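**Student:** have a look at this prediction, sequence included:
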Amino acid sequence: MVDAAIQLRPLPRWPSRKPLAYALWGAVGLHCALLLALGQRAAAASRLVMAVIPLLAAVCTEWRAQRLAERERTGWRWLSLALVLWAGGQLLEALLGGPPTASSLTVVDAADLFYIAAAFPVFLAVTGSRDQEKIRASFYLNSAQIGLALSLAFFRLYRMPMSAAQAAKAMMAVAAGECLLLAFAAVLRLASWSTLEERRRTRLVCVALWLYLSIELWMSYASWQWHLRAGTLLDILWGVPFLFSGWQALRLPVDTMPTEIALRRNRLRLLFQNFGPLLVSAGIFLLAVSIAREHPLIALSAIFLLLLIQGVQGGLVQMSYRSGREMLLSRERELEIANLALERLALEDPLTGIANRRHFNSALDESWKRAARQQQPVTILMIDLDYFKAINDAHGHPHGDQCLLKVAQVLSEFAGRAGDLLARYGGEEFVLLLPNTSLGGAMTVAERMRYAIYSQKVANGASPFDKCLTISIGIGACDPKPGAEPGALLRAADQALYEAKGLGRNRICARAC
């Protein structure tokens, strides 16, 4: 299917690329300076700066989204939301004091809820199908999934009786599960991208995700095994994935027009693309299962809501598909009607409504070949309106057009058989194709035609025949032989017509070829 017409509109007044890039690198430089100057005393300030870097990266991704076609914006905006949530977790850690260790997974606090919530917009950015992205209601349903996941994570970490060590293990399990699902989803989407912009976004997410996972795993291991503290130069590593994301969002090429489908949507690729959204549901389902023993009613309600959301989303996609299919069928019908109209116009004289010269030539070729196979005669009658130029000069061109229409109507009555064809051959010339007709039979038809036109008493002040419109007819008759061309038949009819006009018009002459 073709997309809707593109409406160009002025871009909002966002900062240009350079100021955003300077701000992003400036925040990284400030972070380095604070750590060098204050050391471990800069832990709180370090977390504040670490909240600024993802926020600037979110601004960069939104800057990019604003400059893309409408259908390419959704994924980038989900990434922006994920960056804002992660920045919120860092800001909350700075305000609450945060754990002294380099990794926040060693102690469960309120900030961890933001980190968990940040993963779900990334899920939607890398798993959201294009069919869902085209439906506005899917945005609200996906937002509901994020809210459901956040609620379940809150109950899992803060509303279940467990010790600090158990809470840390639970947090580690939730974070590890999210990371594994995210990694798998990113790889699936990397194998099933549809447009150039989607490929750029997916590659960015994959690299940033694996950078973050590597740093998270290493910092957590260092915090547990070596008691690595916050406020060292190693804290700079936390900003690397966000610096990469913001910088790439600014430097990648921006296609302001919708990009074309870059890869064929074969069955395997479509399977990967549609399997991705199920991973979001899998993550939410696992969270619900993890609290089912202590909070069974909440877990069952969450699973019911998840199924309801998935059902509504599936229904919306199906409705969209059906609507698109109906639109496509409607367009196909309109195109078929238009093609038939164009074909008719290509083979029909616009003034008289009978066949034109192109149609006649095609019909003559077919009749000639058929007659050669069946050894039957072919005859054509070439008809010219006598003194027609004088009609236009004396009565005007509108009257001349009416004469042509009247002649076409009268002559059409003599093309009654299946293979007969009347066509307008030139300005005031008509031609009648009579397959399987002998010269004698053609003479009879021609005489009846000549009399029928004369009996109409159409005014022609220049005509010597009672001031009425008359016609001259040249008949060409031929028995086609193998290897002969129909041009000989046309030449015979034309010569016969020339002879009839030379003998005074309003008469019939014939020639055989």
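**Tutor:** Happy to help now that I have it.
**Student:** part of a helix, is A418?
**Tutor:** No. Applying DSSP: H, G, I helix; E, B strand; the rest coil, one finds A418 to be coil, outside a helix.
**Student:** renumber starting at 509 from here on
**Tutor:** Let's use 509 as the start, then, which means that last one is A926.
**Student:** pLDDT value on it, please?
**Tutor:** A926 carries a pLDDT value of 87.
**Student:** neighbours of the residue lying closest to E856 once chain neighbours are set aside, how many?
**Tutor:** Excluding its sequence neighbours, the residue lying closest to E856 (Cβ to Cβ, 6 or more residues apart in numbering) is N864, at 6.0 Å. (Glycine included, C-beta is placed from N, CA and C.) A count of nearby residues for N864, using other Cβ atoms under 10 Å, gives 18.
**Student:** which residues does N864 contact?
**Tutor:** Taking Cβ atoms under 8 Å, 6 or more residues apart in numbering, we find N864 in contact with L855, E856, D857, A931, R932.
**Student:** please repeat the previous calculation with a cut-off of 10 Å.
**Tutor:** With contact taken as Cβ atoms under 10 Å, 6 or more residues apart in numbering, N864 is in contact with L853, A854, L855, E856, D857, P858, A931, R932, Y933.
**Student:** count residues in the vicinity of the closest residue to the second one other than its chain neighbours, would you?
**Tutor:** Once its chain neighbours are removed from consideration, A854 has its nearest residue in R866; the separation is 6.8 Å (Cβ to Cβ, 6+ apart). A count of neighbours around R866, defined by other Cβ under 10 Å, yields 13.
**Student:** and the helix or strand harbouring V634, what does it pack onto?
**Tutor:** Using DSSP states H and E, V634 sits in helix 619-635. Judged by 3 or more Cβ pairs under 10 Å, 6 or more residues apart in numbering; DSSP states H and E, the packing partners of helix 619-635 are helix 551-574, helix 581-604, helix 644-666, helix 672-698, helix 704-733, helix 775-798.
**Student:** any chance of the ones you listed in CSV, with mean pLDDT, mean neighbour count and distance to L997 too?
**Tutor:** Output for the helices and strands packed on helix 619-635, formatted as CSV (pLDDT from 0 to 100; neighbours: other Cβ atoms under 10 Å; distance: least, Cβ to Cβ, whole Å):
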stretch, mean pLDDT, mean neighbour count, distance to L997
helix 551-574, 91, 23, 70
helix 581-604, 89, 22, 67
helix 644-666, 82, 18, 67
helix 672-698, 77, 18, 68
helix 704-733, 86, 18, 59
helix 775-798, 74, 18, 57
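**Student:** out of those helices, which comes closest to I624?
**Tutor:** helix 644-666 (4.6 Å; Cβ to Cβ).
**Student:** what helices or strands is the closest one leaning on?
**Tutor:** Counting contacts by 3+ Cβ pairs under 10 Å, 6+ apart, helix 644-666 is packed against helix 581-604, helix 619-635, helix 638-641, helix 672-698, helix 775-798, helix 804-855.
**Student:** okay, the ones you listed in CSV with distance to Q910 next?
**Tutor:** As requested, the helices and strands packed on helix 644-666 are arranged in CSV below (distance: least, Cβ to Cβ, whole Å):
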stretch, distance to Q910
helix 581-604, 61
helix 619-635, 70
helix 638-641, 58
helix 672-698, 69
helix 775-798, 62
helix 804-855, 22
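**Student:** before we move on, back to that, please save the CA atoms from the helix holding V634 in PDB.
**Tutor:** Output of helix 619-635 as PDB, limited to C-alpha atoms (Å, rounded to 0.1, in the frame of the first residue of the first chain):
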ATOM      1  CA  ALA A 619      15.700   4.900  42.300                       C
ATOM      2  CA  ASP A 620      15.800   1.300  41.200                       C
ATOM      3  CA  LEU A 621      12.200   1.600  40.200                       C
ATOM      4  CA  PHE A 622      13.100   4.200  37.600                       C
ATOM      5  CA  TYR A 623      15.900   2.100  36.200                       C
ATOM      6  CA  ILE A 624      13.600  -0.900  35.800                       C
ATOM      7  CA  ALA A 625      10.900   1.300  34.200                       C
ATOM      8  CA  ALA A 626      13.500   2.700  31.800                       C
ATOM      9  CA  ALA A 627      13.900  -0.700  30.200                       C
ATOM     10  CA  PHE A 628      10.400  -1.000  29.000                       C
ATOM     11  CA  PRO A 629      10.400   2.000  26.600                       C
ATOM     12  CA  VAL A 630      13.600   0.500  25.100                       C
ATOM     13  CA  PHE A 631      11.600  -2.700  24.700                       C
ATOM     14  CA  LEU A 632       8.900  -0.800  22.800                       C
ATOM     15  CA  ALA A 633      11.500   1.000  20.700                       C
ATOM     16  CA  VAL A 634      13.100  -2.200  19.500                       C
ATOM     17  CA  THR A 635      10.100  -4.500  19.400                       C
END
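**Student:** re the thing from before, of the helices and strands packed on helix 644-666, which approaches P994 most closely?
**Tutor:** Counting by Cβ to Cβ, P994 lies closest to helix 804-855 out of the helices and strands packed on helix 644-666; the figure is 17.8 Å.
**Student:** which secondary structure elements does the helix or strand following the closest one sit against?
**Tutor:** Using DSSP H and E, the helix or strand that follows helix 804-855 in sequence is helix 865-882. Judged by 3+ Cβ pairs under 10 Å, 6+ apart, the packing partners of helix 865-882 are helix 804-855, strand 886-893, strand 929-932, strand 937-943, helix 995-1010.
**Student:** centre of the chain to helix 865-882, how far?
**Tutor:** 44 Å (Cα atoms, centre = their mean, to the nearest Å).
**Student:** try stretch 898-917
**Tutor:** With Cα atoms, centre = their mean, you get 51 Å for stretch 898-917.
**Student:** buried residues, that stretch. List them.
**Tutor:** For stretch 898-917, a neighbour-count test (16 or more other Cβ atoms under 10 Å) marks I899, N900, H903, G908, C911, L912, V915, A916 as buried.
**Student:** then stretch 531-547?
**Tutor:** A531, L532, A535, V536, H539, L542, L543.
**Student:** need the helices and strands packed on helix 865-882 in TSV (columns: mean neighbour count and distance to S920).
**Tutor:** Below are the helices and strands packed on helix 865-882 laid out as TSV (neighbours: other Cβ atoms under 10 Å; distance: least, Cβ to Cβ, whole Å):
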stretch	mean neighbour count	distance to S920
helix 804-855	13	15
strand 886-893	26	12
strand 929-932	24	5
strand 937-943	24	9
helix 995-1010	19	19
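**Student:** any chance of these in TSV with distance to T740 and mean pLDDT as columns?
**Tutor:** Listed next are the helices and strands packed on helix 865-882 as TSV, based on distance: least, Cβ to Cβ, whole Å; pLDDT from 0 to 100:
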stretch	distance to T740	mean pLDDT
helix 804-855	40	83
strand 886-893	100	95
strand 929-932	93	95
strand 937-943	97	95
helix 995-1010	95	94
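**Student:** mind putting the ones you listed in CSV, distance to R549 included?
**Tutor:** Formatted as CSV, the helices and strands packed on helix 865-882 follow (distance: least, Cβ to Cβ, whole Å):
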stretch, distance to R549
helix 804-855, 43
strand 886-893, 106
strand 929-932, 98
strand 937-943, 103
helix 995-1010, 102
